[in-house]
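Trainee: Build me a model from this:
(one chain, ligands or ions: 1)
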Amino acid sequence: MDKIIALCKRRGFVFQSSEIYGGLNGAWDYGPLGSQLKKNIKDHWWRAMTQLRDDIVGLDGAILMNRAVWRASGHEETFNDPLVDCKTCKGRFRADQVAATPCPQKPSQCVGAGPDCQLTEPRSFNLMFKTHAGAVESEDNLVYLRPETAQAIFVQFRNVLDTARKKLPFGIAQIGKAFRNEINPRNFTFRSREFEQMEVEFFVKPGTGREWLERWLEDRLAWYESIGIPRKKIHVLDVPESDRAFYSKGTYDLEYEFPFGVQELEGIAYRTDYDLSRHQEASGKPLDYFDEETKEKFVPHVVEPSAGVDRTCLAVLCEAFAEEEVVDEKGNKEVRTVLRFAPCIAPIKVGVFPLLKNKPELVAKAREVERLLRPHMAVFYDESGAIGRRYRRQDEVGTPFGVTIDFETVEGIKEGPMAGRTDTVTLRHRDSMVQERVAINELVPKLVAAIR
Ligand code: ATP
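Mentor: Model (predicted):
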């Protein structure tokens, strides 16, 4: 994990928030490559949900909502974690995680296990951040930063239903920021106080919820596979009834094998009609559905696949990270660090390199290839240093392809079946390091197909 964190900082994936002022615990900034990686993951999810299927529509709700939403949803009363204080080190910890939290004074032991630890009885701590909407700070204008994106979907159910003219089963998808005042933010970006979620509320007829829960489990596992996280690395936890919310009739946690342990990536929950019913009751506004076929009116049930963008990014980074021994051009062994991102989410798709920067004809041709590719994908042009070093730099940030413009590009291929042909380049593949000769006019279709 230390190596991955170091790489993230060194190459501009993730920085500590407010770093020059000593940072802010639980907040992270995504740098040039990290922000692109994160955007690609979100775009891939959004496309899978709202473009490749016709039963899900999108929503982009506000972070600030009427406080009544959080009263009705139960968050104001119950969105709590158990908190314990240690009278010796003055640390604050989540009572249900002390066994996995190192003691600040004796990191070889966990919190509570050291001879000097003095833990208080657990007390409830509400995780919602509070602020005030308006100039005066009073109880009347108290608002929360949303701790999940889902509630905007529930409270806009009627508006979406009326405007999108969807029939059950259908879903509403949303990506956005969520905030939780976590007691112990830790494990890099895994547990943060500010993070992003990708959530679908999928509305179904009562009686079909279990079936849809199973379908969503399959869909989501296939989606992770499509971004390079194989099924065998995801543990599916069938959450026992005793650990589920009282209204849930089934929950799967998808857990990934992070270097720091097997931890939750996404929760898929069959939440019955709990949320819509609560809001219908509290707002006095109808949130039911009229079924044209059966002429029945009912409150839809919901299955919710809820994933974390930051946790997905982190899982993708962990899965992609590899160090392998290779032999360089001079025959020396060296360690190659490579991020094996699936091409569809890689922040840079292709590196373009003139073999030598002091040969104007090679540079001009390389700039031409760069201009050809740029409208179709993220390109990185690099002319400095030995070509092997330039390849390594792109391997380390997960660029799946490299295009090198050499003398044969401008002067023509010297021998073999393609002898005499100009305007061909070397296409290098990141994972296999295999190089092939490709005509410049074949590059766009070939690469576009590979990065989709
Ligand atoms: P945990 O048990 O790890 O606190 P949770 O069960 O409370 O998570 P949910 O409320 O189900 O999480 O939220 C859905 C998803 O949002 C999680 O699976 C995770 O990917 C993401 N998420 C939740 N809390 C955080 C956080 N503090 N930092 C980053 N991502 C988070």
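
Trainee: From here on, just use CA atoms for contacts and neighbour counts.
Mentor: Will do.

Trainee: show me where the chain has helices.
Mentor: Secondary structure of the chain (DSSP state H): helices at 2-10, 32-46, 67-73, 75-78, 150-155, 157-164, 209-226, 274-283, 309-320, 360-373, 387-396, 407-411, 440-451.

Trainee: partners of the residue in the stretch 301-450 of the chain that the ligand sits nearest to in the sheet?
Mentor: Distances between the stretch 301-450 of the chain and the ligand by C-alpha to the nearest ligand atom are smallest at Gly308, namely 3.1 Å. For Gly308, the beta-bridge partners under DSSP bridges are Gln197.

Trainee: Can you report how many residues neighbour it?
Mentor: Around Gly308 there are 22 other residues, counting by other C-alpha atoms under 10 Å.

Trainee: Could you verify my assumption that it touches Gln197?
Mentor: Yes - using C-alpha atoms under 8 Å, Gly308 is in contact with Gln197, at 4.5 Å.

Trainee: List the contacts of Asp81.
Mentor: Neighbour list for Asp81: Arg94, Ala95, Ser124, Phe125, Asn126, Leu127 [criterion: C-alpha atoms under 8 Å, 6 or more residues apart in numbering].

Trainee: buried subset of the residues you listed?
Mentor: Buried subset of the contacts of Asp81 (neighbour count, 16 or more other C-alpha atoms under 10 Å): Arg94, Ala95, Phe125, Asn126, Leu127.

Trainee: nearest to Lys233, of those?
Mentor: Arg94 (27.2 Å; C-alpha to C-alpha).

Trainee: pLDDT at Ser108, what is it?
Mentor: Ser108 carries a pLDDT value of 87.

Trainee: Which ones among the buried ones among the contacts of Asp81 lie within strands?
Mentor: If you go by DSSP state E, the buried ones among the contacts of Asp81 have Arg94, Phe125, Asn126 in strands.

Trainee: May I have the beta-bridge partners of the first one?
Mentor: It refers to Arg94. Per DSSP bridges, the residues bridged to Arg94 are Leu83.

Trainee: gap between Glu436 and Cys89?
Mentor: Taking C-alpha to C-alpha, to the nearest Å as the measure, Glu436 falls 61 Å from Cys89.

Trainee: Averaged pLDDT, stretch 305-312. What do you get?
Mentor: Stretch 305-312 carries an average pLDDT of 98.

Trainee: Please list all residues in contact with the residue positioned nearest the centre of the chain.
Mentor: Centroid-nearest residue in the chain, with C-alpha atoms, centre = their mean: Val309, separated by 2.6 Å. With contacts taken as C-alpha under 8 Å, 6+ apart, Val309 has the following neighbours: Lys38, Ile41, Lys42, Phe195, Glu196, Gln197, Met198.

Trainee: repeat that for 10 Å
Mentor: 38-39, 41-42, 45, 175-177, 190, 195-199, 265-266, 315 (C-alpha atoms under 10 Å, 6 or more residues apart in numbering).

Trainee: and those near the ligand, which?
Mentor: Applying C-alpha under 6 Å from any ligand atom, the subset of the contacts of Val309 adjacent to the ligand comprises Phe190, Phe195, Gln197, Leu265, Glu266.

Trainee: And for Val434, nearest residue in space, chain neighbours not counted?
Mentor: Once flanking residues are discounted, Val434 sits nearest to Arg428: 5.8 Å by C-alpha to C-alpha, 6 or more residues apart in numbering.

Trainee: correction: Arg191
Mentor: Closest residue in space to Arg191, ignoring its immediate chain neighbours: Pro185 at 5.0 Å, by C-alpha to C-alpha, 6+ apart.
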